[in-house]
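1. coordinates only, sequence not included:
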């Protein structure tokens with residue numbers, strides 16, 4: 001029986017330090033070359049990324065296409081373009097996203113596809129992400145999604161072998177750094193909303209789950225990630241804006257009402273944090289921007305309402321009850337905020353029946 005066909009999507013932007021490691025590791029991927037097609041979009045890099053891609057693809061076993069943009073379209077828009085092109089040209093069985101700052105194990109793709117083939121209910125499977133800077137430690141063993149809309153990496157810093165020998169596991173959402181999507185499911189959901197620049201992977205996993213598909217981590221598919229945690233003003237603003245969009249688009253109205261006290265408290269905390277960290281004005285601008293896209297949010301809500309198959313009760317039981325930060329939790333979060341979120345989370349899990 002022939003191997004399923006796979007389209008690998010990679011978006012680059014000034015990745016000259018990382019792209020050689022990715023391309024060289026991809027070259028050694030153990031998968032039938034005729035069943036893999038690589039699509040690369042460069043978002044107007046100003047370094048030697050493009051020339052390095054050309055250099056390393058000379059000995060590439062897979063068919064590849066490189067699109068050179070004249071401006072930076074961002075991760076979501078560029079991936080959407082690659083997805084549409086791959087769909088129109090090859091219509092592969094699976095669509096895989098890889099960050100340009102990753103490097104892959106030779107068996108990574110084969111293990112991912114085996115996971116998907118053995119579990120037809122799965123819409124997305126994430127590889128086990130290990131740290132390039134400390135190759136035996138975990139970057140993400142599947143990401144967690146807090147019921148208030150915040151996403152974060154799970155099991156960061158733990159030994160990778162504590163996970164590698166385990167069975168596949170249901171996760172909050174699949175990181176876009178190394179993830180395999182079932183193409184037939186993407187035909188229902190689409191890939192990313194083009195106005196999401198952060199949390200797009202969390203939102204997509206959420207929408208897949210509403211359609212009844214599982215999201216898993218495949219521990220035998222190993223990818224190393226040059227991960228760094230940053231808190232730039234634009235990033236924090238975008239995360240907050242998209243958190244609100246995801247909540248308003250994906251939850252039912254009764255769920256939002258039940259969550260309202262916690263969401264308001266959380267909002268006050270975020271506003272205070274944004275002022276302390278210097279992006280308070282940007283946080284307040286988000287409310288104006290959110291209002292300006294209310295029509296788009298309403299249309300997406302309508303679509304989700306008509307297509308969803310899973311209750312919020314089921315979805316919220318698969319979400320995290322607390323928030324954790326990769327660099328460690330502040331004491332106020334550990335001893336005051338998270339206990340409150342956990343208690344409230346258990347209450348709403350008991351109350352929500354729709």
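-> Arrived safely, thanks for sending. All figures in this text were calculated on a predicted structure; none of them were measured in a lab. Numbers count the residues shown, from 1 in each chain.
2. so who does residue 94 touch?
-> Residue 94 sits next to 4, 5, 6, 7, 112, 113, 116, 180, 181, 182, 183 when contact means C-beta atoms under 8 Å, 6 or more residues apart in numbering. C-beta: built from backbone N, CA, C; applies to glycine.
3. secondary structure element for the first one?
-> For residue 4, there is no host helix or strand (DSSP states H and E).
4. number of nearby residues for it?
-> 17 (other C-beta atoms under 10 Å).
5. so residue 252 makes contact with residue 312?
-> Yes - contact criterion C-beta atoms under 8 Å: residue 252 and residue 312 qualify, at 5.2 Å.
6. what is in contact with these two at once?
-> With C-beta under 8 Å, 6+ apart, residue 252 and residue 312 have common neighbours residue 354.
7. low-confidence ranges, the chain, go.
-> 1 (pLDDT under 70).
8. show me the helices in it, by range?
-> For the chain, the helices defined by DSSP state H occupy 19-27, 49-56, 74-89, 108-118, 161-164, 183-189, 200-210, 233-250, 253-277, 280-292, 294-307, 312-317, 331-332, 338-351.
9. so which of the ones you listed gets nearest residue 138?
-> helix 161-164 (6.6 Å; C-beta to C-beta).
10. what are the buried residues along the closest one?
-> residue 163 (16 or more other C-beta atoms under 10 Å).
11. now do it: everything it contacts.
-> With C-beta under 8 Å, 6+ apart as the criterion, helix 161-164 contacts 128, 136, 138, 141, 155, 219, 220, 222.
12. from the chain's centroid, how far away is that helix?
-> Put simply, helix 161-164 sits 21 Å off its chain's centre (C-alpha atoms, centre = their mean, to the nearest Å).
13. how about the helices of the chain in CSV, adding distance to residue 325?
-> Shown next, in CSV, are the helices of the chain (distance: least, C-beta to C-beta, whole Å):
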stretch, distance to residue 325
helix 19-27, 27
helix 49-56, 31
helix 74-89, 22
helix 108-118, 28
helix 161-164, 20
helix 183-189, 29
helix 200-210, 16
helix 233-250, 13
helix 253-277, 12
helix 280-292, 18
helix 294-307, 28
helix 312-317, 22
helix 331-332, 12
helix 338-351, 11
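14. ok, now which ones touch the residue nearest to residue 342 when sequence neighbours are not counted?
-> For residue 342, ignoring the flanking residues on the chain, the nearest one in space by C-beta to C-beta, 6 or more residues apart in numbering is residue 321 at 4.6 Å. Neighbour list for residue 321: 146, 147, 341, 342, 345, 346 [criterion: C-beta under 8 Å, 6+ apart].
15. thought residue 324 was touching the fourth one, still the case?
-> No - contact status for residue 342 versus residue 324: not in contact, 11.9 Å apart, counting by C-beta under 8 Å.
16. which of these two has more residues huddled nearby?
-> Of the pair residue 342 and residue 324, residue 324 is the one with more neighbours under other C-beta under 10 Å, namely 17 against 13.
17. pretty sure the more buried one contacts residue 152?
-> Yes - between residue 324 and residue 152 there is a contact under C-beta under 8 Å: 5.8 Å.
18. which neighbours do those two share?
-> Residues touching both residue 324 and residue 152 (C-beta under 8 Å, 6+ apart) are residue 144.
19. now do the contacts for residue 66.
-> 40, 41, 42, 50, 53, 54, 57.
20. related to what we said a few turns ago, and the two most separated of the contacts of residue 321?
-> 146 and 346 (14.0 Å).
21. more crowded one of these two?
-> residue 146 (21 against 11).
22. list the contacts for that one?
-> Counted by C-beta under 8 Å, 6+ apart, residue 146 has contacts 152, 319, 320, 321, 322, 323, 341.
23. returning to that earlier point: reformat the contacts of residue 94 as JSON lines; add distance to residue 27.
-> What follows is those, written out as JSON lines (distance: C-beta to C-beta, whole Å):
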{"residue": "4", "distance to residue 27": "21"}
{"residue": "5", "distance to residue 27": "19"}
{"residue": "6", "distance to residue 27": "15"}
{"residue": "7", "distance to residue 27": "17"}
{"residue": "112", "distance to residue 27": "18"}
{"residue": "113", "distance to residue 27": "18"}
{"residue": "116", "distance to residue 27": "23"}
{"residue": "180", "distance to residue 27": "19"}
{"residue": "181", "distance to residue 27": "23"}
{"residue": "182", "distance to residue 27": "26"}
{"residue": "183", "distance to residue 27": "24"}
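24. only whichever of the residues you listed are buried, select them in PyMOL.
-> Applying 16+ other C-beta under 10 Å to the contacts of residue 94, the buried members can be selected in PyMOL as follows:
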select buried, resi 4+5+6+7+112+113+116+180+181+182+183
